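In: can't give you the sequence, but here's the structure:
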Ligand SMILES: [Zn+2]
């Protein structure tokens, strides 16, 4: 998915966010951001693998004004919703 189209409303996220321990872009083994929690706030991070390409720059977008999280990976969005008990 080229742009974030899978949305999670921020008000649905109460308390610490549970980030699935897999790359938020490709679903591979996470090497960075594996201790991620909390957010949305400045400096927060989410799990990513070691791949560095344009796809991996912005797999998760935060729109604070619109109150939404946007995911580009269907698989990660699904795991995120499951981990955080979102419908
Ligand atoms: Zn990856």
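Out: Here it is on my side, so go on. Note that the structure is a prediction, hence the values are computed from the model and not measured.
In: contacts and neighbour counts: CA atoms only from here.
Out: Fine.
In: Residue 82 and residue 19: what is the separation?
Out: Distance of residue 82 to residue 19, given as CA to CA, to the nearest Å: 10 Å.
In: Those two: which has the busier surroundings?
Out: The neighbour comparison of residue 82 against residue 19 (other CA atoms under 10 Å) goes to residue 19, with 23 against 13.
In: Now do the SS call for the more buried one.
Out: Classification of residue 19 using DSSP: H, G, I helix; E, B strand; the rest coil returns coil.
In: State whether it and residue 46 are indeed in contact, as I suppose.
Out: Yes - judged on CA atoms under 8 Å, residue 19 makes contact with residue 46 at a distance of 6.7 Å.
In: wait, what's in contact with the residue positioned nearest the centre of the chain?
Out: Centre of the chain computed as the mean C-alpha position; nearest residue by CA atoms, centre = their mean is residue 60, 4.7 Å away. Contacts were defined as CA atoms under 8 Å, 6 or more residues apart in numbering; by that measure residue 60 touches 4, 24, 69-72.
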